[in-house]
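Undergrad: below is the sequence, then the predicted model.
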Amino acid sequence: GGWTDAIEASSAKGFGDAMLARRLLGNARSLCARRWMGSQNLDMEPEGVVEEAGTPAVPLESRPWSPDSRRCGVVAVKCGMMSLWDKWGVRRPITVLWIDECQVTQTKTEEKHGFNSLQVGAGSKKKKQVPTALLGHYAKHQVPIKRKLAEFQVTRDALLPEGTEITAAHFVAGQHVDVTGITIGKGFQGPMKRHGFKGLPATHGVSKAHRSHGSTGQCQDPGKVFKGKKMAGQMGKDRRTVQNVMVYQVDPSRNLLYVVGQVPGHKGNFVLVKDAIRKIWEGEHLRLNPPFPTYIPKLEDELSIDVADVGPDPYEAAIG
Amino acid sequence: RHFVDYLAMLRATCARLAAHLEGLAVFTRGMAATSGAEGTAETQAIWQGRHAPWTPTSKLTKRKHLTKRSQYMMETLSRELEQQSHAQKFPEFRAGDILECTVTVPENRRRTSVVKGLCIAKNNAGWNTSFTIRNIVGNIPIERSYPLHSPNLVDLKVVGSKRVRRAKLYYLRDLGNKFSRV
């Protein structure tokens, strides 16, 4: 009893309506609702953001990179593939990723949560499509309703305040990224497709086992089939990361990223894009200098399409 | 009574018109809200008064599934690239036409050369449109395929045509050299 009122009180508080919040609080009657309210730190201050005890405010400002910095990633939509020719006439397969209003929905800090991370959300949903608990979450952090949430662990210097929008200008053309997505589901598949087994011969007396996996182990010793033995089963529809995908082109006015090669998942699905960790180990971020902790827009900025520097003419090198 | 009915009909039409105009206003509001993403007048003609495909979802009143919107996005990007391509000035051609293509060969220090042959296939795929030319060079049949929008394809001229009743002339591979010589 009174749970929805308690959530609405939090929402009202989040939107600055202290009077409404105070009235709704009185309606929460059940013990668990009251206990939850007690943990919410709903001080009835009329203005200003209430900071939880021990959480410092996170300012939004540019900072320099440090060698072990890790900054936030982005939630993007895989739109499809096309090809582009670079300035030397080399044709590159491109995947188009669209960033649909990716905003920081929650900042998690070491003091309160034990680690530093940023929860980001992208897309949009109508209020009626969202469960009440999620509505409360968005209201508490004062961000619009998002379709997809994801969390990225970052270093202390890369924290961003809630509500910060992360756009395509967060990335620099020429850098590498790791792209994570749910792969295309192939259903229940046999070992030849699933694990690349060779199967059995087509003729020479093989009876009804041409595509089977054959033997599953040894004899009396060990006398069992080892766990993790490759067999038939569900293939695809699992989370995979493609590493070191080069960002060929960045279109900041349309929030589009053009990356080279393939990316897991179907068109229209969400993928997570973050700086390639192996390239950070090589120091690429210090060389290319993407905006840290994110791109902070200024009024006088005129952003144009950024195309990667693809190096010297490969044909000239081949001829010698 | 007829006059009253007529008034009612007029009122209903006005209401529908007002609703339609309001709907249009919402769409234009959505388009104006995109910052610097409107493109040229040519580009806007691609989406013909609807919202631009990269409009944030929160600014749309009617939202289609992301799979459909991705399709819309890719088609718009492809058509925009086609519009800006140098291949726009090439003439229309089809299988059966005799083409003279000026190509630069990157492996040969980007020297331009002229390739002549009978077009045996044209694959219409927007930005990825390609075609195949077949000719007999020194008694050897040679087939070459080119993407239409490749920067290495400098010029394309139609210098003749043959009467054919197929879209793809792969049957020429089974016939003698004299049928493919141009």
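TA: Thanks, I have the structure now. Numbers count the residues shown, from 1 in each chain, chains lettered A, B, ... in the order given.
Undergrad: for chain B, give the residue positioned nearest to chain A.
TA: Chain A sits closest to B:T67 of chain B, with a gap of 3.4 Å, by CB to the nearest CB. The way it works is simple: take the backbone N, C-alpha and C, and place the C-beta from them, glycine included.
Undergrad: for A:I166, which non-adjacent residue is spatially closest?
TA: Closest residue to A:I166 apart from its sequence neighbours, by CB to CB, 6 or more residues apart in numbering or on different chains: A:C102 at 4.8 Å.
Undergrad: give me the phi and psi angles of the one you found.
TA: The phi/psi pair for A:C102 (degrees, to the nearest 10) reads phi -80, psi 120.
Undergrad: likewise for A:D301?
TA: A:D301 adopts backbone torsions of phi -70, psi 130, taken as degrees, to the nearest 10.
Undergrad: please, which helix or strand holds the residue of chain B closest to chain A?
TA: Element membership of B:T67 [criterion: DSSP states H and E] is helix B:66-84.
Undergrad: now do A:G205
TA: If you go by DSSP H and E, A:G205 is not part of any helix or strand.
Undergrad: so what strands line up beside the lengthiest strand in chain B?
TA: In terms of residue count, the longest strand belonging to chain B (DSSP state E) is strand B:111-123. Here strand B:111-123 has these sheet partners by DSSP bridges: strand B:97-105 (antiparallel), strand B:130-137 (antiparallel).
Undergrad: any idea which helix or strand comes after the shortest one?
TA: Spelled out, it's strand B:130-137. With secondary structure assigned by DSSP H and E, strand B:130-137 is succeeded by strand B:140-147.
Undergrad: contact partners for A:T155?
TA: A:66, A:68-71, A:116 (CB atoms under 8 Å, 6 or more residues apart in numbering or on different chains).
Undergrad: what is the nearest of these to A:E282?
TA: A:D68 (13.2 Å; CB to CB).
Undergrad: tell me which parts of chain A are close to chain B?
TA: Residues of chain A found near chain B (CB under 8 Å from any CB of the partner chain) are A:77-83, A:85, A:88-89, A:91, A:96, A:98, A:100-101, A:123-124, A:144, A:147, A:253-256, A:266-269, A:303, A:315, A:318-319.
Undergrad: remind me which residues of the stretch 51-200 of chain A are low pLDDT?
TA: For the stretch 51-200 of chain A, the stretches flagged by pLDDT under 70 are A:51-56.
Undergrad: how about the nearest residue to the residue nearest the centre of chain B, chain neighbours excluded?
TA: Centroid check for chain B by CA atoms, centre = their mean gives B:G126 as the closest residue, at 3.7 Å. Leaving aside its chain neighbours, B:G126 sits nearest to B:S78 (4.4 Å; criterion: CB to CB, 6+ apart).
Undergrad: you'd agree that neighbour is up against B:H149?
TA: No: checked against CB atoms under 8 Å, the pair B:S78 and B:H149 is beyond contact range at 9.9 Å.
Undergrad: these two: which is more packed in?
TA: Remark: of B:S78 and B:H149, B:H149 carries more neighbours, 23 against 18, as counted by other CB atoms under 10 Å in any protein chain shown.
Undergrad: doesn't that one belong to a strand?
TA: No: read with DSSP: H, G, I helix; E, B strand; the rest coil, B:H149 is coil and lies in no strand.
Undergrad: contacting residues around it?
TA: Going by CB under 8 Å, 6+ apart, B:H149 touches A:85, B:81-82, B:85-87, B:127-129.
Undergrad: do that again at 7 Å, thanks
TA: For B:H149, the contact set (CB atoms under 7 Å, 6 or more residues apart in numbering or on different chains) comprises B:82, B:85, B:87, B:127, B:129.
Undergrad: and those near chain A, which?
TA: Restricting the contacts of B:H149 to those within reach of chain A (CB under 7 Å from any CB of the partner chain) leaves B:W127.
Undergrad: of the contacts of B:H149, closest to B:V159?
TA: Closest to B:V159, out of all of the contacts of B:H149 and judged by CB to CB, is B:A87, at 17.8 Å.
Undergrad: low-confidence regions, chain B specifically.
TA: B:1-39.
Undergrad: can you list the residues of it near chain A?
TA: B:35-37, B:54, B:56-58, B:65-67, B:70, B:73-74, B:77-78, B:106-107, B:109, B:127-128, B:150-152.
Undergrad: out of those residues, which end up buried?
TA: Buried members of the residues of chain B next to chain A, scored by 16 or more other CB atoms under 10 Å in any protein chain shown, are B:37, B:54, B:56-58, B:66, B:70, B:73-74, B:77-78, B:106, B:127, B:150-152.
Undergrad: need the max-distance pair from the residues you listed.
TA: Spatially, the most separated pair among those is B:S58 and B:P106, at 45.3 Å (CB to CB).
Undergrad: restricted to buried residues, select the residues of chain A next to chain B in ChimeraX.
TA: ChimeraX command restricting the residues of chain A next to chain B to the buried ones, with burial defined by 16+ other CB under 10 Å:
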select /A:77,78,79,80,82,89,96,98,100,101,123,124,147,253,254,255,256,267,268,269,303,315
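Undergrad: angles on the backbone of the residue most central in space within chain A, please.
TA: For chain A, the residue sitting closest to the mean C-alpha position, by CA atoms, centre = their mean, is A:L272 at 3.0 Å. Main-chain torsions, A:L272, degrees, to the nearest 10: phi -100, psi 130.
Undergrad: and if you look at B:A45?
TA: The phi and psi values for B:A45, taken as degrees, to the nearest 10, are phi -60, psi -20.
Undergrad: neighbours around it, how many?
TA: 12.
Undergrad: do A:R211 as well
TA: The number of residues packed near A:R211 is 14, by other CB under 10 Å.
Undergrad: correct me, but it touches A:K193?
TA: No: with contact defined as CB atoms under 7 Å, A:R211 does not count as touching A:K193 (8.8 Å).
Undergrad: spatially nearest residue to residue 80 (excluding sequence neighbours)?
TA: Here I'm looking at chain A. A:G80 sits nearest to B:M74 (CB to CB, 6+ apart), 3.9 Å away.
Undergrad: right idea, wrong chain: chain B
TA: Closest residue to B:E80 apart from its sequence neighbours, by CB to CB, 6+ apart: B:T43 at 5.2 Å.
Undergrad: do the same with A:F197
TA: The shortest distance from A:F197 to any non-neighbouring residue, by CB to CB, 6+ apart, is to A:P191 (4.3 Å).
Undergrad: the one you found: neighbouring residues, count only.
TA: A:P191 has 20 neighbours, counted by other CB under 10 Å.
Undergrad: please tell me how far it sits from A:K198.
TA: The spacing between A:P191 and A:K198, counted by CB to CB, to the nearest Å, is 10 Å.
Undergrad: equivalent analysis for A:V247, please.
TA: Distance, A:V247 to A:K198, by CB to CB: 38 Å.
Undergrad: and what of A:H285?
TA: The value you get for A:H285 to A:K198, if CB to CB is used, is 43 Å.
Undergrad: more neighbours, those two?
TA: Neighbour tally, A:H285 and A:K198, criterion other CB under 10 Å: the higher count belongs to A:H285, 23 against 10.
Undergrad: I'd say that one and A:D275 touch.
TA: Yes: taking contacts as CB under 7 Å, A:H285 lies within contact range of A:D275: 6.3 Å.
Undergrad: you'd agree the residue nearest to the centre of chain A is up against A:V77?
TA: No: look at A:L272 against A:V77 with CB under 7 Å: they stay out of range, at 11.3 Å.
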